[in-house]
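Build me a model:
(2 chains)
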Amino acid sequence: MAGHEAGKPLLELRGVTKIFRYGMFGFRFRAVDDVNLVMEDRPLILTIAGESGSGKSTLAKIILGIHKPEYGQVLYRGRDIHRLRGRELLWFRKEVQAVFQDPFASFNPLKRVYGYLYETVKNIVGISERAKIDAYIDEVLRSVGLNLDKVKGKYPHEFSGGELQRVAIARALLTRPRLIIADEPVSMLDASLRVNILNVFKRIREEMGTSFIYITHDLATAYYISDLIAIMYRGSVIEYGPIERVLTKPLHPYTQTLLESIPEPDPRRRSEWLKPIKLSGIEEKEFVAKGCKFAPRCPYATKRCFEEPPPEVVVNGVRVRCWLYYVKGSSPAEKR
Amino acid sequence: MDRVYGGYEVKTYEEQFYVDAVSGVTLEAYENEVLGIAGESGCGKSTLLKIIYGYVKPPLTVRSGRVLVDTGKGSIDVLSMDLEERRSRIWWRYISYIPQNAMNVLNPTSRIRDHFAEVLRLHQGLDREEAYRVAAEYVTQLGLPRDVVNAFPHQLSGGMRQRVVIALALIMKPRVVLADEPTTALDVVVQRGILQTLIERQRELRNTLILVTHDMGVHAMLTDRIAIMYAGKIVEIGRTEEVFEKPLHPYTRMLIESLPRLGDKRVRKGLAGQPPDLRSPPPGCRFHPRCPYTTDRCRREEPPLVEVEKGHWVACWLYAKK
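This next block holds a predicted model:
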């Protein structure tokens, strides 16, 4: 694999906004709202975390080029991915691969999984000799803890969920991608098997220098494998920074609420967890709110929070979108 | 005291095989207690709950065993009644069941108040107007907005619908409440709120809540005792704190150790292999093909459930008395 160029980021999102129409009510809302992210070009695992409806999967699809944003740009190694054509597009498809939540939905049940691997190598990697293809497939399968003998001739239903997810990861690895986007790749698996897949990601990052964008709602697994985390709420990235800092000293009130609500496998945290909380029933309204979308639920909300969208403020290397951290005249709101 | 005691075998016909999903399970749940049933997908925990409720319809069958519920005037065997009898005499009043994806069980064409009215009419003989009034009062008592009763299900968020289903299940003050993954599809903040409602009601009614979930975090936050199921059998049962602090069964230990935790980046190991196919479970201990401590005996004989410390039971040859 080519060396990582210094300076130029691997991935840069500039003001990315995706607008969906809410069919029945006919109103438009921003599923992804002015997202700015920069990922350096070195082997990193970035988590995009959020609850259902936060826009994290939509953002993943934008980065993969499946959705086109209404505003903003996605730059992969300096190139706008939504303007790539022909050769350049093929190059992008090789460099950026995806792994999805349900491996059984990713493979045709009537087709042997080996066929997928074979075609990827032949058409995209460009090896044509059969024996060489098999040797290459075997090598890649071994990196995820499988081998060619265990896979050849089998249909998807002959694998367990964990094994098939490994095959899906191997398929993604065949093109030697520099970036893999994994959308909830372990949430369908049993808890005791999840960590096995996460360990595969960690090893690939170390051995092959592949970067990952890990999309999840599960902050504990995110903490386990990631370097960076972006927390999304109702379409906006409200906090972004090194994962140790964000998850141990959360700045945004939403990140704080989220962390307090996780039921951790530790009964000593029980009494704290059982302290009553306030819930909202009006979810659609939050999407179209004028100011901060978290304001109706925020314990620190002021009048300003309801009226103006909060600026992005940098605190100790963490970017947070919240009026609480805004000091007049200090680190300015960027790119707005 | 409520006692649920049963030995079950369940049968599923499909090309003439039998899935041994609940295999000789014996357990007791006490009054004023939250009993958790934990285990991974396909271990039989949901099937067990259905049997306790007596919701046994083909392909599910019970080969043997009893489920005894204390009604305050002696105990009755749920499984000895037919479905109609269960419906009129036992369900809602003594046992309530909150199914998986409960928020989708509401009838989309009737208002929330009519869901309540139907239950109240059937079990308390209230007329419509009176039932509406009782429902509105009851809903506000539970901390839900009053106009929820006038809404149609689709007008409410998933979390709110889930609370409505829970409210419905609890309205007759049942002695036993069975909840199957009550918050799995919900966000953690909403989940926390709903589980808090559930536990508050349990404390108020001092009844028995049997909570099935695969989420060990939820067990740690809510349950008094926890039973760990593996491949159709209970392999460990004890006080929740004890099971988390000192898990005895190798399966429980590996399950708890495999869970990533916030603030801890140490490398963890998941379990190797897969749970067995319950159409032909392995002989002896069902965990033996994946267990690092397997001996010949484990392959041949099934380990009995033994009490290692007071109230802490485990089915493993490592702990059986020599």
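
neighbours around residue 47, how many?
I'll assume chain A. Residues contacting A:Thr47 under the criterion other C-beta atoms under 10 Å in any protein chain shown number 28. Every C-beta, even on glycine, is put in place using the N, C-alpha and C of the backbone.

Wait, chain B was what I had in mind.
The number of residues packed near B:Thr47 is 23, by other C-beta under 10 Å.

and it, what pLDDT?
The score at B:Thr47 is 90. That number is its pLDDT.

and it, what element?
Using DSSP states H and E, B:Thr47 sits in helix B:45-53.

residues in contact with that helix?
B:4, B:6, B:8, B:10, B:21-22, B:25, B:37-39, B:56, B:60, B:62, B:65, B:67, B:78-79, B:91, B:95, B:97, B:100, B:176, B:178, B:180-181, B:210, B:212, B:214, B:229 (C-beta atoms under 8 Å, 6 or more residues apart in numbering or on different chains).

Sort out for me which of these are in helices.
Using DSSP state H, no member of those falls within helices.

Run through these and flag the ones next to chain A.
Counting by C-beta under 8 Å from any C-beta of the partner chain, B:His214 from the contacts of helix B:45-53 sit close to chain A.

Now, of the contacts of helix B:45-53, which are buried?
For the contacts of helix B:45-53, a neighbour count by 16 or more other C-beta atoms under 10 Å in any protein chain shown gives the buried set as B:4, B:6, B:8, B:10, B:21-22, B:25, B:37-39, B:56, B:60, B:62, B:65, B:67, B:78-79, B:91, B:95, B:97, B:100, B:176, B:178, B:180-181, B:210, B:212, B:214, B:229.

What ranges in the stretch 151-300 of chain A fall below the confidence cut-off?
Within the stretch 151-300 of chain A, the ranges that satisfy pLDDT under 70 run A:278-289.

ok, 90 please
Within the stretch 151-300 of chain A, the stretches with pLDDT under 90 are A:160-162, A:187-193, A:275-291, A:293, A:296-299.

what secondary structure does whatever residue of it ends up closest to chain B sit in?
In the stretch 151-300 of chain A, the residue that lies nearest chain B is A:Pro263 (3.4 Å; C-beta to the nearest C-beta). When classified by DSSP: H, G, I helix; E, B strand; the rest coil, A:Pro263 comes out as coil.

for the one 5 residues further on, same thing?
When the structure is split into helix, strand and coil by three-state DSSP, A:Arg268 lands in helix.

Can you report how many residues neighbour it?
11.

Distance check, it against A:Ile262.
14 Å (C-beta to C-beta, to the nearest Å).

Scan chain A for its longest helix.
helix A:191-208.

Show me what secondary structure element comes after that helix.
Assigned by DSSP H and E, the successor of helix A:191-208 is strand A:211-216.

Are that next one and chain B in contact anywhere?
No - figure legend: strand A:211-216 not in contact with chain B (C-beta under 8 Å from any C-beta); closest approach 11.1 Å.

Any idea how far that strand is from the middle of the chain?
4 Å (C-alpha atoms, centre = their mean, to the nearest Å).

That strand - contacts with which helices or strands?
strand A:45-49, helix A:56-63, strand A:179-183, helix A:191-208, helix A:219-225 (3 or more C-beta pairs under 8 Å, 6 or more residues apart in numbering or on different chains; DSSP states H and E).

Let me know the angle separating the second one from strand A:211-216.
Following axes from the mean of the first three to the mean of the last three C-alpha atoms, to 10 degrees, one obtains 150 degrees for the angle between helix A:56-63 and strand A:211-216.

Same question for the longest one.
With the same axes, to 10 degrees as the basis, helix A:191-208 and strand A:211-216 are set at 160 degrees to each other.

ok, residues contacting helix A:191-208?
A:1, A:43-45, A:143-145, A:161-162, A:165-166, A:169, A:173, A:176, A:180, A:182, A:185-186, A:189, A:210-212, A:214, A:221, A:224-225, B:40, B:214-216, B:254-255, B:258-260, B:267-271.

Identify each buried residue in it, please.
Buried residues in helix A:191-208, counted by 16+ other C-beta under 10 Å: A:191-201, A:204-205.

circling back: put the alpha carbons of the helix holding B:Thr47 into CSV.
Provided in CSV are the C-alpha atoms of helix B:45-53 (Å, rounded to 0.1, in the frame of the first residue of the first chain):
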residue,chain,number,x,y,z
LYS,B,45,-35.2,-17.3,27.4
SER,B,46,-38.1,-15.9,25.5
THR,B,47,-39.6,-19.4,25.1
LEU,B,48,-39.3,-19.9,28.9
LEU,B,49,-41.2,-16.6,29.4
LYS,B,50,-44.0,-17.7,27.0
ILE,B,51,-44.4,-20.9,28.9
ILE,B,52,-44.6,-19.2,32.2
TYR,B,53,-47.3,-17.0,30.8
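
next one: that helix to chain centre, how far?
The answer for helix B:45-53 is 7 Å, by C-alpha atoms, centre = their mean.

going on from it, what's the next piece of helix or strand?
strand B:68-70.

Partner strands of that next one and their direction?
According to DSSP bridges, strand B:68-70 has the following sheet partners: strand B:75-77 (antiparallel).

in the stretch 101-250 of chain A, which spans are strands?
Along the stretch 101-250 of chain A, the stretches classed as strands by DSSP state E, counting those that start in this stretch are A:179-183, A:211-216, A:228-233, A:236-242.

Helix, strand, or coil at the residue lying closest to A:Thr248 once chain neighbours are set aside?
Nearest non-adjacent residue to A:Thr248, counting by C-beta to C-beta, 6 or more residues apart in numbering or on different chains: B:Gly263, 5.8 Å away. Assigned by three-state DSSP, the conformation of B:Gly263 is coil.

burial measure for B:Gly263, as a count.
By other C-beta under 10 Å, 10 other residues sit near B:Gly263.

try A:Phe20
There are 16 residues near A:Phe20, going by other C-beta under 10 Å.

Not counting residues beside it along the chain, what's closest to it?
Nearest-residue entry for A:Phe20: A:Ala31, 4.8 Å, with adjacent residues in sequence omitted and distances by C-beta to C-beta, 6+ apart.

any idea which element B:Ala131 lies in?
Using DSSP H and E, the element containing B:Ala131 is helix B:128-141.

Quick check: what element follows that helix along the chain?
helix B:158-170.

residues in contact with that next one?
Taking C-beta under 8 Å, 6+ apart as the rule, helix B:158-170 contacts A:279, A:281, B:92, B:96-98, B:102-103, B:105-106, B:112, B:115-116, B:119, B:138-139, B:142, B:144, B:148, B:153, B:156, B:177, B:179, B:182-183, B:185-187, B:190, B:193-194, B:197-198, B:201, B:205.

Around chain B, pick out the residues from the stretch 151-300 of chain A.
Residues of the stretch 151-300 of chain A lying close to chain B by C-beta under 8 Å from any C-beta are A:160, A:162, A:190-196, A:198-199, A:217, A:219-221, A:223-224, A:247-248, A:257-259, A:261-267, A:269-270, A:273-274, A:276-277, A:279, A:281-283.

Regarding chain B, what is its longest helix?
Max-length helix for chain B by DSSP H is helix B:188-205.

Got the phi and psi for the closest residue to chain A within the stretch 1-150 of chain B?
In the stretch 1-150 of chain B, no residue comes nearer to chain A than B:Glu40, which is 4.0 Å away by C-beta to the nearest C-beta. Main-chain torsions, B:Glu40, degrees, to the nearest 10: phi -90, psi 170.
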